[in-house]
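1. Kindly return the folded structure for what I paste below:
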Amino acid sequence: MRFGLPVLFIFLSIHAFTQPFTSDNYYLFPINPGQQNFLAGTMGELRSSHFHAGLDIKTGGQSGLPVHATADGYISRVRVNTGGYGYCLYMTHPNGTTSVYAHLSKFEGRIARYLLDEQYKAESFEVQLFPDKNQFVFKRGEIIAYSGNTGSSSGPHLHFEIRDANQRILDPLKFNFAEIKDNITPQMKNIAFVTLDGSARVNETFGRFEFDAIKTHDVYHTRVPISLKGKIGIEIYAYDLLNGVYNRNGIPETTLVINGDTVFSQSKSSLSFGKQRNILVHMDYEAYRNGGKKYNKLFVEDGNTNDFYNVSSQGFNFSDSTHLIQIYMKDSYGNISTFETEVNNRKVVNLPDPYINEFEIYRDHLHFKNIHQGTPGKISLFFGNTRRPLEPYRTDRRAAYYLWNLHDGLPDSIDYAGKILNTGIYAEIPSGSEISFFNHHSDLFFKQYSLFDTLYLRFEKDYDAQLGLELFRFPHNDTPLRSTVNIRLKPEYSYPENTARVYAVYGSNLSYQGGTWEDGNISFDTRDLVTFTIAEDTIPPVITPRIINSSELYFKINDERSGIKSFRATLNGSFLLMNYESKKDLIWAVRKDENIPLKGEFILEVEDNTGNKQIYQRNL
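-> Numbering: from 1, shown residues only. Take a look at the predicted model:
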């Protein structure tokens with residue numbers, strides 16, 4: 001292969017940034033050590049709101065497999081959550097690393113007794129504990145827990161991490177566990193090209209366009225000719241496969257080479273928890289939220305502070321000449337796949353027709369098209385009473401395409417050949433500053449780090465007459481936020497402040513957001529600028545008995561609107577611990593002493609997020 005030597009050079013360079021840390025036999029595989037295991041997830045793959053940390057180890061669809069200490073050490077942290085990692089152990093090792101074992105069904109006997117005592121002391125199911133380092137010491141290979149499906153797990157498995165002394169997440173597969181087999185190269189399915197400024201074009205058109213990647217003679221390439229002009233970003237949809245399973249896993253190392261020069265490379269051999277939110281600008285969040293795949297950007301966006309880019313760029317400037325694009329993808333076991341294609345070397349026959357519903361705001365530009373019957377109508381932008389005619393940047397026999405740089409002004413409406421369309425653009429909100437926005441219906445308060453990039457704030461007040469709801473529409477569902485924005489809604493309807501809260505509206509579903517009332521307005525924090533409404537919740541949670549006897553108490557608890565906030569049980573006036581499996585809406589009693597039967601006056605109180613309470617009382 002003519003590109004064999006550059007591949008070796010590129011990945012030797014990348015490995016200079018990885019940390020071998022310790023010998024391959026220091027860590028023991030925590031599930032069925034010495035046998036072939038299979039993974040449902042790998043380090044660094046793209047999830048909806050974070051990079052996946054560590055490995056998801058399959059357990060054959062069952063809970064209760066023994067979990068072994070990966071190395072000598074002591075249990076330094078015990079955590080039990082309703083969501084997240086569920087039952088979770090943290091183990092500190094002599095070399096300074098920490099291993100993490102999550103979604104467990106139960107802990108080893110001594111740890112389980114310690115947990116139960118502490119839960120009863122705290123009178124809480126959810127706890128976070130930090131035992132003394134001499135309290136729970138284990139040797140490599142000893143059983144510390146059993147696998148499960150607790151927390152936000154979507155199926156039985158063990159989530160396993162190795163972290164360094166600074167709690168950065170390391171790639172466990174870099175320690176060459178023989179239990180995992182992988183001789184399959186990464187798979188590439190699609191490539192996307194993105195215009196990064198107003199003068200850039202993909203096949204003579206502004207915007208983002210996807211192309212299939214097909215494989216011939218062990219190299220991926222595009223099927224159709226591509227023309228690139230100006231500053232362009234490249235994205236790929238690709239994944240890794242491991243032997244024996246069909247799960248689509250992440251690719252830790254990717255390098256982009258253009259005309260023989262490395263313009264971008266990433267190596268996710270370690271990750272920082274503090275930078276997890278950056279995944280929203282590392283992948284193409286807009287494409288994903290609009291029903292697409294999770295594309296990995298091979299360029300660094302404004303606001304992206306990830307630190308695993310060995311070579312970074314904010315795009316590449318393509319001239320009219322031919323350019324060779326090469327992309328190398330390498331998994332944790334050294335299997336490499338290659339994409340290679342030339343652009344601007346063949347005539348583009350079919351120009352794209354971007355799907356635009358009236359108009360779109362894309363990368364600081366207002367982009368829209370006017371479908372015509374042979375002659376484009378006249379298009380103008382309005383800025384108050386000022387009209388500005390606009391010429392198309394591209395015209396074909398079906399439509400004319402227009403572009404406006406929003407840095408040059410925020411038009412309030414567009415004249416589409418006589419049809420007036422409001423843009424709904426209220427303000428340009430820059431990132432990196434504390435800024436407040438006020439209007440008659442809502443106020444927004446942006447923190448310094450609320451935004452990754454400039455936001456062109458749009459808003460519309462609407463009403464759902466059938467449901468009797470006020471709707472506060474912020475059409476930014478596909479805009480990622482780095483941290484929360486505080487919103488104050490100013491309703492025109494009157495609401496009982498003790499039972500009315502803010503809900504996000506997703507179709508016919510309402511999702512509880514909360515809120516605090518003051519002077520007839522309600523304020524709340526959000527990481528999503530979507531449609532909100534104010535609705536009442538006056539219905540208390542529902543408690544449904546499932547099993548009731550002297551040794552077992554099981555109940556289903558649910559709340560249709562605002563959701564469960566808390567629950568508490570007592571037996572003869574004393575606290576009785578109830579475990580909670582939120583995925584199944586199930587709670588059950590855990591006695592501190594299993595020799596003492598469940599007899600006497602039992603009271604269970606469940607409260608929802610609005611403060612409605614339901615009480616179940618029975619003499620056992």
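
2. Isn't N439 up against F459?
-> Yes. Using CB atoms under 8 Å, N439 is in contact with F459, at 6.9 Å. For glycine as for every other residue, the C-beta is placed from the backbone atoms N, C-alpha and C.

3. Between those two, which contacts overlap?
-> The contact sets of N439 and F459 overlap at Y426 (CB atoms under 8 Å, 6 or more residues apart in numbering).

4. Compare the two (neighbour count), which wins?
-> Higher neighbour count among N439 and F459: F459, with 19 against 13, using other CB atoms under 10 Å.

5. List phi and psi for the more buried one.
-> Main-chain dihedrals, F459, degrees, to the nearest 10: phi -150, psi 150.

6. can you tell me how far it sits from D519?
-> Distance, F459 to D519, by CB to CB, to the nearest Å: 21 Å.

7. likewise L467?
-> In terms of CB to CB, L467 sits 26 Å off from D519.

8. Equivalent analysis for D443, please.
-> Using CB to CB, one gets 12 Å for the distance from D443 to D519.

9. Who has more neighbours out of those two?
-> Using other CB under 10 Å as the criterion, D443 and D519 rank with D443 on top: 16 against 6.

10. give me every residue that touches that one.
-> Taking CB under 8 Å, 6+ apart as the test, what D443 contacts is 436-437, 487-488, 490.

11. Check what pLDDT it gets.
-> pLDDT, D443: 98.

12. That one is in what secondary structure piece?
-> Using DSSP states H and E, the element containing D443 is strand 442-446.

13. Provide the strand pairings for that strand, with the direction of each partner.
-> strand 435-438 (antiparallel), strand 485-489 (antiparallel) (DSSP bridges).

14. so how far is the helix or strand following it off the chain centroid?
-> On the C-terminal side of strand 442-446, the closest following helix or strand by DSSP H and E is strand 455-458. Distance of strand 455-458 from the chain centroid (CA atoms, centre = their mean, to the nearest Å) equals 22 Å.

15. repeat for stretch 108-117
-> Relative to its parent chain, stretch 108-117 has a centroid offset of 33 Å by CA atoms, centre = their mean.

16. Over to stretch 355-375?
-> 30 Å.

17. Just the endpoints, please. Distance across that stretch?
-> 20 Å (CA to CA, to the nearest Å).

18. residues of that stretch that come out buried?
-> Applying a neighbour-count criterion of 16 or more other CB atoms under 10 Å, one finds 359-370, 372 buried in stretch 355-375.

19. for stretch 69-79, same thing?
-> For stretch 69-79, burial by neighbour count (16+ other CB under 10 Å) applies to 69-76, 78-79.

20. Same check on stretch 416-427?
-> Buried residues in stretch 416-427, counted by 16+ other CB under 10 Å: 416, 423-426.

21. just those residues now: which is nearest Y506?
-> G424 (19.9 Å; CB to CB).

22. Run through the helices of the stretch 101-250 of the chain in chain order.
-> 109-122 (DSSP state H, counting those that start in this stretch).

23. G244 touches K181, doesn't it?
-> Yes. Counting by CB under 8 Å, G244 does reach K181; the two are 6.8 Å apart.

24. Quickly list what's touching both of these two.
-> Q36.

25. For the nearest residue in space to L173 that is not next to it in sequence, give its distance to G315.
-> Distance criterion CB to CB, 6 or more residues apart in numbering; nearest residue to L173, sequence neighbours excluded, is S332 at 3.6 Å. S332 sits 28 Å away from G315, going by CB to CB.

26. between those two, who's got more neighbours?
-> Higher neighbour count among S332 and G315: S332, with 26 against 22, using other CB under 10 Å.

27. Please name the residues that touch the more buried one.
-> 42-43, 171, 173-174, 182, 252.

28. Tell me the confidence at it?
-> 94.

29. what about the stretch 201-350 of the chain, any weak spots by pLDDT?
-> For the stretch 201-350 of the chain, no stretch has pLDDT under 70.

30. what comes up buried for stretch 544-555?
-> Using 16+ other CB under 10 Å as the test for burial, stretch 544-555 gives 553-555.

31. mind listing which of these are in strands?
-> 553-555 (DSSP state E).

32. quick one, what contacts F472?
-> Applying CB under 8 Å, 6+ apart to F472 gives the contacts 441-442, 459, 461, 489, 531-533.

33. Drop anything exposed from the residues you listed.
-> Among the contacts of F472, those classed as buried by neighbour count (16+ other CB under 10 Å) are 441-442, 459, 489, 531-533.

34. Please list all residues in contact with Y220.
-> Counting by CB under 8 Å, 6+ apart, Y220 makes contact with 188, 213-214, 327, 337-340.

35. now do 10 Å
-> By CB atoms under 10 Å, 6 or more residues apart in numbering, Y220 lies in contact with 186-189, 191, 212-214, 236, 238, 327, 329, 337-341.

36. for I603, same thing?
-> I603 touches 568-573, 576, 615-618, counting by CB under 10 Å, 6+ apart.

37. ok, now I615?
-> Residues in contact with I615 (CB under 10 Å, 6+ apart) are 540, 543, 603-607.

38. again, only using 8 Å
-> Counting by CB under 8 Å, 6+ apart, I615 touches 603-606.

39. swap in N37?
-> 29, 31, 57-58, 177, 179-180.

40. Which one of those is nearest to R482?
-> I57 (31.7 Å).

41. re the thing from before, for the strands paired with strand 442-446, which one ends up most surrounded?
-> Across those, the average number of neighbours (mean count of other CB atoms under 10 Å) peaks for strand 485-489, which reaches a mean of 20.

42. Thanks a lot, see you next time.
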